[in-house]
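Participant: I'll drop the sequence and a predicted model, then ask my questions.
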Amino acid sequence: MFWGAPPALWQAAFFLVPLCFLIAMTFWSVRNFRLAPDSTLANWNFILTAGFFRNAYVYTFWLSALTALIASLAAFPAAYTLAYKVSPVTRRLMIFMLVVPFFTSYPVRIYSTQIFFSPQGIINTVLAPLGLGSLQVLNTPTGTVVGYLVLTLPLVVLLQTFALSNVSRILIEAAHNLGCGRFRTIWQVIIPSARIGLIVAGTFAFVLAFGDYVAPTYLGGSRPPTLSILIADQVKSGNNWPRASVVAATMILTLMVVMLVMIALAYGRRKGRA
């Protein structure tokens, strides 16, 4: 209890208390552009019944789920190579290279991505002599997903690498001795054994993408808006913090449900096992 008290107090002071204040603010009113403590459900009724909120919610959830899927699939070959195919020295070097992007501010990385995908950027400059036309990525959902991957992919590779590295080599050798090929061993031995880490990696990708504001703003063009952009729009529109708090509370609730479902999927027993 002694050693656990500092982080518990930290979480209470900087997460639970602000969260309770956020929930309370959803019932407040805005009068003459000023917040007024109240106990009204008008903010919830307005946001939850608004078509723009439903569209933004579905759009944000879909892009986040797509990002988690793409990041998980794209990261697996790299993680498998780092876990089983390279020397320990190379593995440490590559892990260090995956950590390096986190030394740089995320908005800076997004601005750098704009240089690659802008109409006169590096990629279109290379494609022009080939006669392939201009690649339109900025101000599209594709641009938003690219920004999400810039944020999440290095982390997913790291988490998958650690998960695969912890799979017992005895199980892999036993599978080979019983006649399993490489792909069957991956599918029936390695992936089930590393299931928890793989699911956690995908969940982290979803959580980070779901709440991101930078990528949909600077790469996606804010149209259509995601939930994070919707929060900013509500604040800018008449200083309506209560409605913005409703959107934020909905996002937090969604992430909690998604995480509980994914944890149950990761730690639940598989069929056919005692």
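Facilitator: On my side now, so go ahead. For clarity, every value in this text was computed on a predicted model and none was experimentally measured.

Participant: Every contact and neighbour count from this point should use C-alpha atoms.
Facilitator: Noted.

Participant: got the contact list for stretch 42-57?
Facilitator: By CA atoms under 8 Å, 6 or more residues apart in numbering, the residues outside stretch 42-57 that reach it are 26-27, 29, 224-227, 230, 242-243, 246-247.

Participant: elements contacting the worst-scoring helix or strand of the chain on mean pLDDT?
Facilitator: Ranked by mean pLDDT, DSSP states H and E, the weakest helix or strand in the chain is helix 122-127, scoring a mean of 84. In terms of contacts (3 or more CA pairs under 8 Å, 6 or more residues apart in numbering; DSSP states H and E), helix 122-127 is packed against helix 106-117.

Participant: Who are the packing partners of the helix it packs on?
Facilitator: Partner elements for helix 106-117 (3+ CA pairs under 8 Å, 6+ apart): helix 122-127, helix 141-165, helix 214-218.

Participant: Using TSV, please lay out these together with mean neighbour count.
Facilitator: TSV is the format used below for these (neighbours: other CA atoms under 10 Å):
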stretch	mean neighbour count
helix 122-127	15
helix 141-165	23
helix 214-218	23
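
Participant: What about the contacts of stretch 42-57, which one has the most neighbours?
Facilitator: Leu227 (29 neighbours; other CA atoms under 10 Å).

Participant: need the strands for the stretch 1-150 of the chain, in chain order.
Facilitator: 29-31, 34-36 (DSSP state E, counting those that start in this stretch).

Participant: chain center to the last one, what's the gap?
Facilitator: Read that as strand 34-36. Offset of strand 34-36 from its chain centre (CA atoms, centre = their mean, to the nearest Å): 34 Å.

Participant: Within the sheet, what are the partner strands of it, with directions?
Facilitator: strand 29-31 (antiparallel) (DSSP bridges).

Participant: contacts for the partner strand?
Facilitator: Contacts of strand 29-31 (CA under 8 Å, 6+ apart): 35-38, 40, 43, 239-240, 242.

Participant: chain center to that strand: distance?
Facilitator: 34 Å.

Participant: Looking at the strands of the stretch 1-150 of the chain, spot the one closest to Leu16.
Facilitator: Closest to Leu16 of these is strand 34-36 (CA to CA; 21.6 Å).

Participant: that older thread, JSON lines for the helices and strands packed on helix 106-117, including distance to Val257?
Facilitator: JSON lines is the format used below for these (distance: least, CA to CA, whole Å):
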{"stretch": "helix 122-127", "distance to Val257": "39"}
{"stretch": "helix 141-165", "distance to Val257": "20"}
{"stretch": "helix 214-218", "distance to Val257": "23"}
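
Participant: Out of those helices, which is closest to Ser105?
Facilitator: Per CA to CA, nearest to Ser105 of the helices and strands packed on helix 106-117: helix 141-165, 10.4 Å.

Participant: Which strands and helices lie in contact with the very next helix or strand once past the closest one?
Facilitator: Using DSSP states H and E, the helix or strand that follows helix 141-165 in sequence is helix 169-177. Counting contacts by 3+ CA pairs under 8 Å, 6+ apart, helix 169-177 packs against helix 182-185.

Participant: just how off-centre is the helix or strand following the helix it packs on within its chain?
Facilitator: On the C-terminal side of helix 182-185, the nearest following helix or strand under DSSP H and E is helix 191-193. Here helix 191-193 is found 22 Å from its chain centre; the criterion is CA atoms, centre = their mean.

Participant: The lengthiest helix in the chain vs helix 141-165, what angle?
Facilitator: In the chain, with assignment by DSSP state H, the single longest helix is helix 51-84. With axes from the mean of the first three to the mean of the last three CA atoms, to 10 degrees applied, the angle from helix 51-84 to helix 141-165 works out at 40 degrees.

Participant: Give me the buried positions along helix 51-84.
Facilitator: 53, 56-57, 59-61, 63-72, 75-76, 79-80, 82-83 (16 or more other CA atoms under 10 Å).

Participant: Show me the contacts of stretch 42-57 that map onto helices.
Facilitator: Among the contacts of stretch 42-57, DSSP H puts 227, 230, 242-243, 246-247 in helices.

Participant: Reformat those into TSV and put distance to Arg109 next to each item.
Facilitator: Formatted as TSV, these follow (distance: CA to CA, whole Å):
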residue	distance to Arg109
Leu227	22
Leu230	23
Pro242	32
Arg243	31
Val246	30
Val247	27
